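[1] coords below, sequence missing:
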Ligand SMILES: O=C[C@H](O)[C@H](O)COP(=O)(O)O
Ligand SMILES: C=C(OP(=O)(O)O)C(=O)O
Ligand SMILES: [Mn+2]
């Protein structure tokens, strides 16, 4: 039996509705349509896309506003340093992986990581999966050449298929309905496991701290809009596609559609920040997304790269602190460290990932702010996608089990190794 630290008590109930900030004037769930929307598919038949989105908009909300508010309250505790955030999962979820065994396996991996962090830090862990809806992918280029043929890129299962054929790569709006169905299926498994149906066993006490929340990038706005609903109990709009959604590095323009969309939903919202993030722009993003300075609303996710984090992060942390926003700082050590290996695979080096995490903690310690947690692309499977780790996975072995549909994930052993190092960081931070 693991020894359970005494103050990992359960995270607490939802905030009072009357303390939720107002919806911005002139915002409505379709107001993003008046702004430039990047990274959207060119649906071959826009009428069919409208019809599919309309069908989604008539289906029941996958996630309840009350549980979204509970996450908001849990994240408020992470903002003030009394809880830790662990967010992780696939870069791109596949519809086919929403079957119950695969989802249950992912849940176990996420809970195992959360348990290590909780034991290391003595704090409750807010657990957020990139799960049950992480189906849309922003890409660096619109097309790629496969075996001499130029094809549209794969944009996630909600848009097209990864198989390198013109048919698979054609955007299909019916996929929005399939995404909804697979989200519901994954949520049923998660709910069943948490209720004891699939026996969380040794993880039961982690689940007593709070459930596994779901999250994904709010990328495909036709779909996110269709699942955005007015909650009569609070008179606020919630994107019920997940507990938390985030806006990616490629779509976070202040005057863009994605920031407009998330500015009006009451969910906790994340924003990724690359090494080029401009200080004034970040402060303006905070003002747009968190005008009420409400703890638990805004999660900032620097993904700077190991080489940049120690220089690029401090001015942002200082500016956000001076502006008075109680943001949750979560380190994504994956997306700033992507490289092409000699053998041609998109990969990441374990040492770069660990170095960025170390830099992130060092910056926050030096600034006197809270390093709330991490956001990882990881799996419990023994895949060969990232280089290094104690088993020293080398370039020649990447081909053995390179299974990701988009970015390279830490495998099970690499995840445990990194999470162990993070737990040590958290422990040493608490010692002062
Ligand atoms: O997951 C994130 C992005 O979709 C990904 O990093 C983009 O990858 P690309 O550069 O291969 O398009
Ligand atoms: C696209 C992603 O990240 P970023 O926006 O930081 O590149 C991602 O999280 O998969
Ligand atoms: Mn990714």
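    Here it is on my side, so go on. Remember, it's a predicted structure, so these values are computed and weren't measured experimentally. Ligands and ions are numbered 1, 2, ... in the order given.
[2] what's near enough to touch the residue lying closest to residue 273 once chain neighbours are set aside?
    Nearest in space to residue 273, with sequence neighbours left out and distances taken as C-beta to C-beta, 6 or more residues apart in numbering, is residue 302 at 4.8 Å. From N, CA and C alone the C-beta is placed, and that goes for glycine too. Residue 302 makes contacts with 272-273, 277, 309, 312-313, 316, 329, 331-332, 360, as judged by C-beta atoms under 8 Å, 6 or more residues apart in numbering.
[3] quick one: whichever residue of the stretch 101-250 of the chain sits closest to ligand 2 from residue 315, how far?
    Evaluated by C-beta to the nearest ligand atom, the stretch 101-250 of the chain has residue 248 as its residue closest to ligand 2, separated by 2.8 Å. Look at residue 248 and residue 315: by C-beta to C-beta, to the nearest Å, they are 22 Å apart.
[4] quick one, which of those two is more surrounded?
    It is residue 248, of residue 248 and residue 315, that has more neighbours when counted by other C-beta atoms under 10 Å, with 22 against 13.
[5] now that one: phi and psi?
    phi -80, psi 170 (degrees, to the nearest 10).
[6] what residues are up against it?
    Residue 248 is in contact with 39, 138, 217, 219, 258, 272, counting by C-beta under 8 Å, 6+ apart.
[7] restrict those residues to those near ligand 2?
    138, 217, 272 (C-beta under 6 Å from any ligand atom).
[8] of the residues you listed - the most surrounded one?
    Going by other C-beta under 10 Å, residue 217 tops the ones next to ligand 2 among the contacts of residue 248 with 26 neighbours.
[9] can you map out the helices along the stretch 301-432 of the chain?
    Remark: helices assigned in the stretch 301-432 of the chain by DSSP state H, counting those that start in this stretch are 309-322, 350-367, 412-431.
[10] picking up where we left off before, for residue 136, see how far away the residue of the stretch 101-250 of the chain closest to ligand 2 is.
    In this structure, residue 248 and residue 136 are separated by 9 Å, where distance is defined by C-beta to C-beta.
[11] which element follows the least confident helix or strand in the chain by mean pLDDT toward the C-terminus?
    Least confident helix or strand of the chain, by mean pLDDT, DSSP states H and E, is helix 204-209 with a mean of 82. Downstream of helix 204-209, the next assigned helix or strand under DSSP states H and E is strand 212-217.
[12] from the chain's centre, how far out does the helix or strand just after that following strand sit?
    The element immediately downstream of strand 212-217 (helix or strand, assigned by DSSP H and E) is helix 221-226. Here the centre of helix 221-226 is set off from its chain's centre by 17 Å, with C-alpha atoms, centre = their mean, to the nearest Å.
[13] and the very next helix or strand once past helix 221-226, average pLDDT?
    Beyond helix 221-226 on the C-terminal side, the first helix or strand identified by DSSP H and E is strand 228-231. When pLDDT is averaged along strand 228-231, the result is 98.
[14] list the strands paired with strand 228-231, with their directions.
    Strand pairing for strand 228-231, using DSSP bridges, gives strand 236-239 (antiparallel).
[15] ok, the helix or strand just after the strand it pairs with: who's next to it in the sheet?
    The helix or strand immediately downstream of strand 236-239 is strand 244-247, counting by DSSP H and E. The pairing partners recorded for strand 244-247 under DSSP bridges are strand 212-217 (parallel), strand 269-273 (parallel).
[16] pull out the buried positions in the first one.
    For strand 212-217, burial by neighbour count (16 or more other C-beta atoms under 10 Å) applies to 212-217.
[17] just give the closest residue to residue 42, not the sequence neighbours.
    residue 171 (6.6 Å).
[18] now do the contacts for the one you found.
    Contacts of residue 171 (C-beta under 8 Å, 6+ apart): 41-44, 152, 155, 159-160.
[19] how about the residues of the stretch 1-150 of the chain near ligand 3?
    Applying C-beta under 5 Å from the ion, we find that the stretch 1-150 of the chain lies next to ligand 3 at residue 91.
[20] where does the stretch 1-150 of the chain dip in pLDDT?
    Applying pLDDT under 70 to the stretch 1-150 of the chain flags the ranges 1-18.
[21] the strands in it, which residues?
    84-89, 125-130, 143-146, 149-152 (DSSP state E, counting those that start in this stretch).
[22] how close does the closest residue to ligand 3 within the stretch 251-400 of the chain sit to residue 315?
    Nearest residue of the stretch 251-400 of the chain to ligand 3 (C-beta to the ion) works out as residue 377 at 5.4 Å. Distance, residue 377 to residue 315, using C-beta to C-beta: 27 Å.
[23] possible to save the contacts of residue 171 as a markdown table with neighbour count?
    As requested, those are exported to a markdown table (neighbours: other C-beta atoms under 10 Å):
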| residue | neighbour count |
| --- | --- |
| 41 | 21 |
| 42 | 10 |
| 43 | 19 |
| 44 | 11 |
| 152 | 19 |
| 155 | 26 |
| 159 | 28 |
| 160 | 21 |
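[24] of the residues you listed, closest to ligand 3?
    Distance to ligand 3 across the contacts of residue 171 (C-beta to the ion) is lowest for residue 155, with 12.6 Å.
[25] so the closest one, which state does it fall into?
    coil (DSSP: H, G, I helix; E, B strand; the rest coil).
[26] that one touches residue 135, doesn't it?
    No: if you go by C-beta atoms under 8 Å, residue 155 and residue 135 don't touch, sitting 9.4 Å apart.
[27] before we move on, the earlier item: ok, which of the contacts of residue 302 also contact ligand 3?
    For ligand 3, no contacts are drawn from these by C-beta under 5 Å from the ion.
[28] in JSON lines, list those residues along with pLDDT.
    Formatted as JSON lines, the contacts of residue 302 follow (pLDDT from 0 to 100):
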{"residue": "272", "pLDDT": "99"}
{"residue": "273", "pLDDT": "99"}
{"residue": "277", "pLDDT": "98"}
{"residue": "309", "pLDDT": "98"}
{"residue": "312", "pLDDT": "98"}
{"residue": "313", "pLDDT": "98"}
{"residue": "316", "pLDDT": "98"}
{"residue": "329", "pLDDT": "98"}
{"residue": "331", "pLDDT": "98"}
{"residue": "332", "pLDDT": "99"}
{"residue": "360", "pLDDT": "98"}
